[in-house]
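Peer 1: 3D, please:
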Amino acid sequence: MIPAHDALARLRDGNRRFATDAARSDALTSQSRRAELAARQQPFAIVLGCSDSRVPAEIVFDQGLGDLFVIRVAGNIVAPSQIGSVEFAAAQYDTRLVVVLGHSQCGAILATLAELQQPTEKQSPNLRSIVDRVRPAVEGVLRDHRGHDAATLVREAVRANIRTSTEQLRHGSPLLEQLIHDQGLRIVGAEYSLEMGTVEFFDDA
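Peer 2: Here you go, the predicted structure:
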């Protein structure tokens, strides 16, 4: 088992390599590595990230097969299936770090802002279910940053949504709460910059 602080250091180092074009090319996806993982896995971190095609966690953190347990959903929202997936990995594989990874210019955030500012009459109920989970964080930003420019609203809404998802994981599961209290599980938020390629971990990281 890799402690949360060591896992976080590995992610920081990996992102530093990625952002500086120094990503590794050794044995991350080799045949021997595939054979090694066929029987078992022990990912050192769980990443709940956005489905955006520009933010593949393994690449952004310069990790290989078997390193990360990745859950991806538009807007990095937290719903029962995402909580269950985090619970599964944390309990089954003794993974002690969970990262909620949002990113700049998130489409789900942009869609939610647009819906709140100019509601549509006919929106897919499935899409609405995502917007409705992002809505509470974004509503607060619209209220607190009234009159700010669009770029500021998007940036603050992305960060508010990450923090909301992080808190939902910390306090929405008795199992995760128990692992946090008794076994050193750590749940942190982070934001990936599409423009810079860097990941900023929030203050509690």
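Peer 1: tell me if I'm right that residue 165 and residue 76 touch.
Peer 2: Yes: counting by Cβ atoms under 8 Å, residue 165 touches residue 76, with 5.6 Å between them. For the C-beta atoms, the positions are set from N, CA and C on the backbone; glycine is no exception.
Peer 1: between the two, what contacts are shared?
Peer 2: 48, 100, 102 (Cβ atoms under 8 Å, 6 or more residues apart in numbering).
Peer 1: adding distance to residue 5, write those out as TSV.
Peer 2: Below are these laid out as TSV (distance: Cβ to Cβ, whole Å):
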residue	distance to residue 5
48	19
100	17
102	22
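Peer 1: from these, which is closest to residue 170?
Peer 2: Checking those against residue 170 with Cβ to Cβ, the nearest one is residue 100 at 9.9 Å.
Peer 1: three-state assignment of that closest one?
Peer 2: Secondary structure, DSSP: H, G, I helix; E, B strand; the rest coil: residue 100 is strand.
Peer 1: check residue 152 too.
Peer 2: Per three-state DSSP, the local secondary structure of residue 152 is helix.
Peer 1: and the gap between it and residue 142?
Peer 2: According to Cβ to Cβ, to the nearest Å, residue 152 and residue 142 sit 11 Å apart.
Peer 1: neighbour count: the two, which is higher?
Peer 2: Per other Cβ atoms under 10 Å, whichever of residue 152 and residue 142 has more neighbours is residue 142, with 16 against 12.
Peer 1: please, which helix or strand holds the spatially closest residue to that one that is not a sequence neighbour?
Peer 2: Nearest non-adjacent residue to residue 142, counting by Cβ to Cβ, 6 or more residues apart in numbering: residue 116, 6.2 Å away. Residue 116 belongs to helix 107-117 when assigned by DSSP states H and E.
Peer 1: pull that helix out as PDB, backbone CA atoms only.
Peer 2: The C-alpha trace of helix 107-117 is given here as PDB (Å, rounded to 0.1, in the frame of the first residue of the first chain):
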ATOM      1  CA  GLY A 107     -17.800  21.900 -21.200                       C
ATOM      2  CA  ALA A 108     -20.200  20.800 -18.500                       C
ATOM      3  CA  ILE A 109     -19.500  24.000 -16.600                       C
ATOM      4  CA  LEU A 110     -20.000  26.100 -19.700                       C
ATOM      5  CA  ALA A 111     -23.300  24.300 -20.400                       C
ATOM      6  CA  THR A 112     -24.500  24.800 -16.800                       C
ATOM      7  CA  LEU A 113     -23.600  28.500 -16.900                       C
ATOM      8  CA  ALA A 114     -25.500  28.900 -20.200                       C
ATOM      9  CA  GLU A 115     -28.500  27.000 -18.800                       C
ATOM     10  CA  LEU A 116     -28.700  29.200 -15.700                       C
ATOM     11  CA  GLN A 117     -28.300  32.400 -17.600                       C
END
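Peer 1: all good on my end, thank you.
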